[in-house]
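**Q** Kindly generate the corresponding structure for this input.
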Amino acid sequence: MFENYTCHDKIKKYASWMIGEFIMIQVTTRDVMEKFDLQLISGQEGIGRYITTSDISRPGLEMAGYFTHYPANRVQLLGMTELSFFEMLPEAERRDRMMQLCSQNTPAIIISRGLEVPSELITASNENHVPVLKTKLTTTRFSSRLTNFLESKLAPTTAIHGVLVDVYGIGVLLLGKSGVGKSETALELVKKGHRLVADDCVEIRQESENLLIGSPPPLLEHLLEIRGIGIIDIMTLFGASAVRSYKRITLVVELENWDSEKSYDRLGLDEEKMRIIDTNLTKLTIPVQPGRNVSVIIEVAAMNYRLKKMGVNAAEEFSRRLDEMIASNDEMDDF
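**A** Alright, predicted model coming up:
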């Protein structure tokens, strides 16, 4: 399919697939088993089932026979409470409960605390191909860890054409048209001791409300493209301290060629916002022209953003001083 493509054409083709699209991340029961080192008890035929929600169900009411609103698409977590009640049921009811619990939509059933798995569950899981797993962790601790893992993996994800750098602990997303100098600016920032996260294509996932995490695609990790030089490996050139695998995005900086007809913000009182997925981020527009040191401007922008979050706003202080001076001059004119 790609025999006649150059390396640059292949990269552009890959980026066109990724950028601007919502990325569907799929998590299987096998992924959970390998992540938490779970023991597979039965139902191994269903180990490739997909997990579509981060919600976890503890089927207490289902053990009592109430399956009217049974959330079959969730991972089912059985602890000491559920299993101790289950042991009190008659044998016929135990078989019926487990057959209903092991539905076609159930991705997995996990037993916590290393408890013994009921024989009825093993039989039902093998018949319906529902994987049954076991962990030694307590129910509450495992539920919390599994929820965090699934929320991270199943979070809404998109990809944006840009560069993500860590500047003084602030995740700065550089945007702009191709050729405006995003990668060159990122290289200069890395030379100054800051860290590169992603170049050209930034995968962004919203792990929770107002929390965007940016990371590079596996194909482009630690790589930076500089026109005239080509692709360079930042970690090999500058060391492991020059790169990061992911970073929270808190500031967006758009680089654009200087337009003499356009009026740029010179005070900083009006804060522009950019919406990515469901999160609004502070956005700055920086005009680029020969003689302007863009990397220094971005460093100052990151420090100024941090100062604003600490309650120090130079623009508002300037506006206050100006109002006081105008009021003072008005009083002098009255005399």
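
**Q** Was I right to think residue 56 contacts residue 148?
**A** No - proximity of residue 56 to residue 148 does not meet the contact threshold set by CB atoms under 8 Å, at 11.0 Å. Quick note: C-beta positions are derived from backbone N, CA and C, even for glycine.

**Q** Please say which of those two ends up with more neighbours.
**A** A count of neighbours by other CB atoms under 10 Å puts residue 56 above the other of residue 56 and residue 148, at 18 against 12.

**Q** per-residue confidence at the more buried one?
**A** In this model, residue 56 is scored at 95, pLDDT.

**Q** Skipping its backbone neighbours, what lies nearest residue 112 in space?
**A** Nearest residue to residue 112 in three dimensions, chain neighbours excluded: residue 139, at 4.2 Å (CB to CB, 6 or more residues apart in numbering).

**Q** who are the neighbours in contact with that neighbour?
**A** Each residue near residue 139 by CB atoms under 8 Å, 6 or more residues apart in numbering is listed here: 58, 77, 79-80, 112-113.

**Q** can you redo these as JSON lines with secondary structure and neighbour count?
**A** Putting the contacts of residue 139 into JSON lines (DSSP: H, G, I helix; E, B strand; the rest coil; neighbours: other CB atoms under 10 Å) gives the following:
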{"residue": "58", "secondary structure": "coil", "neighbour count": "17"}
{"residue": "77", "secondary structure": "strand", "neighbour count": "22"}
{"residue": "79", "secondary structure": "coil", "neighbour count": "19"}
{"residue": "80", "secondary structure": "helix", "neighbour count": "13"}
{"residue": "112", "secondary structure": "coil", "neighbour count": "23"}
{"residue": "113", "secondary structure": "coil", "neighbour count": "16"}
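
**Q** just so I have it, where are all the strands in the stretch 51-200 of the chain?
**A** 56-57, 75-78, 109-111, 132-134, 157-161, 163-167, 170-176, 195-198 (DSSP state E, counting those that start in this stretch).

**Q** Excluding covalently adjacent residues, which one is nearest to residue 95?
**A** Using CB to CB, 6+ apart and skipping the chain neighbours, the partner closest in space to residue 95 is residue 120 (5.1 Å).

**Q** Could you measure from the one you found over to residue 92?
**A** 10 Å (CB to CB, to the nearest Å).

**Q** Who has more neighbours out of the two?
**A** Ranked by neighbour count (other CB under 10 Å), residue 120 and residue 92 place residue 120 first, with 20 against 8.

**Q** Now for residue 185: which residues touch it?
**A** Contact partners of residue 185, counting by CB under 8 Å, 6+ apart, are 163, 174, 255, 294-295, 298.

**Q** Over to residue 319?
**A** When contacts are counted by CB under 8 Å, 6+ apart, residue 319 touches 267, 269.

**Q** pLDDT score for residue 285?
**A** Note on residue 285: pLDDT of 89.
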